[in-house]
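*Asks:* Turn this into a model:
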Amino acid sequence: MAEVITFTNFRPPSRFDSVPWTAVNIEESTDGETGWTQIDTLALAPLDPDPEHPALRSFTTEQGTALDYWYRVIFEDANSDVSQPTTPIQNTGADVGAPAVTAYATVEELQRILHLRSPTPEQLTAMQRVLDSAALEIDAELGRTEPYAEPPALVVEVNLERAVEHWQQQESPFGIVINAETASFTATDSWRRHAAKLKFLKQSWGIA
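*Replies:* The predicted structure follows:
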């Protein structure tokens, strides 16, 4: 017997070519890492009138296998071009909701900044992860309980700058950096300059 699974609040990637996403492909894995299999394709309706600002999408498949399996979705357009997969989420019996965090910049933008011409699938996943991490920090700093639907340019800029720092930290963790001649310390409070940039957008300041 197939498992009915409902996906809630998934936002397709923004597009700047006026081409809307027309369908969503649902993939399934036993462990969330390997063996991904497409189990369903669902049409999106209505199509986004402004693909640069896509709407949140919720949808249901009746083709799931069982509880505890992992799922991700890939958006597709009428030309059969596809997006990167979303972050895998496990089916625990409730709605399979998209992560609360929404990155304010795209993997393609970060790829350009990092000068990665042909990133591996693992690098693409890591780029999305650092973008999501940076966006979460931005939302926390600004006291937002919901992500921006249309982020200000300053937010996009900080998302990319902070994501680059997270990416670099994967290669050289904060602390002591050693080269052939000297040892030096990297900054421990690397968020401060980003917080200063965002202060004009801050919604809550806490209690002193």
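*Asks:* which residues of this protein score low on pLDDT?
*Replies:* 1, 93-101, 171-189, 203-208 (pLDDT under 70).
*Asks:* Work out for me the element the closest residue to residue 78 other than its chain neighbours sits within.
*Replies:* Excluding its sequence neighbours, the residue lying closest to residue 78 (C-beta to C-beta, 6 or more residues apart in numbering) is residue 22, at 4.9 Å. C-beta here means a position set from N, CA and C on the backbone, and glycine is covered the same way. Using DSSP states H and E, residue 22 sits in strand 21-29.
*Asks:* rewinding a little: how about the contacts made by the residue nearest to residue 78?
*Replies:* Residue 22 makes contact with 43, 44, 47, 76, 77, 78, according to C-beta atoms under 8 Å, 6 or more residues apart in numbering.
*Asks:* quick one: strands adjacent to the strand holding residue 22?
*Replies:* strand 37-43 (antiparallel), strand 70-77 (antiparallel) (DSSP bridges).
*Asks:* Of those strands, which is nearest residue 51?
*Replies:* Closest to residue 51 of those is strand 70-77 (C-beta to C-beta; 8.8 Å).
*Asks:* Tell me the helix or strand right after that closest one.
*Replies:* Of the helices and strands lying after strand 70-77 in sequence (DSSP H and E), the nearest is strand 89-90.
*Asks:* Within its sheet, name the partner strands of that next one and how each one runs.
*Replies:* Strand 89-90 is paired, per DSSP bridges, with strand 70-77 (antiparallel).
*Asks:* related to what we said a few turns ago, could I get the strands paired with strand 21-29 as a markdown table with mean neighbour count and distance to residue 142?
*Replies:* Formatted as a markdown table, these follow (neighbours: other C-beta atoms under 10 Å; distance: least, C-beta to C-beta, whole Å):
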| stretch | mean neighbour count | distance to residue 142 |
| --- | --- | --- |
| strand 37-43 | 14 | 34 |
| strand 70-77 | 21 | 27 |
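*Asks:* Export the ones you listed as a markdown table, with columns for distance to residue 63.
*Replies:* Supplementary listing: the strands paired with strand 21-29 in a markdown table, determined by distance: least, C-beta to C-beta, whole Å:
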| stretch | distance to residue 63 |
| --- | --- |
| strand 37-43 | 4 |
| strand 70-77 | 11 |
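*Asks:* Using PDB, write out every CA atom in the strand holding residue 22.
*Replies:* This file holds the C-alpha atoms of strand 21-29, laid out as PDB (Å, rounded to 0.1, in the frame of the first residue of the first chain):
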ATOM      1  CA  TRP A  21       8.400  26.400 -13.200                       C
ATOM      2  CA  THR A  22       5.600  24.100 -14.400                       C
ATOM      3  CA  ALA A  23       6.100  20.900 -12.500                       C
ATOM      4  CA  VAL A  24       7.600  19.400  -9.400                       C
ATOM      5  CA  ASN A  25       9.400  16.000  -9.400                       C
ATOM      6  CA  ILE A  26       9.400  14.100  -6.100                       C
ATOM      7  CA  GLU A  27      12.300  11.800  -5.200                       C
ATOM      8  CA  GLU A  28      12.600   9.300  -2.500                       C
ATOM      9  CA  SER A  29      15.600   7.600  -0.600                       C
END
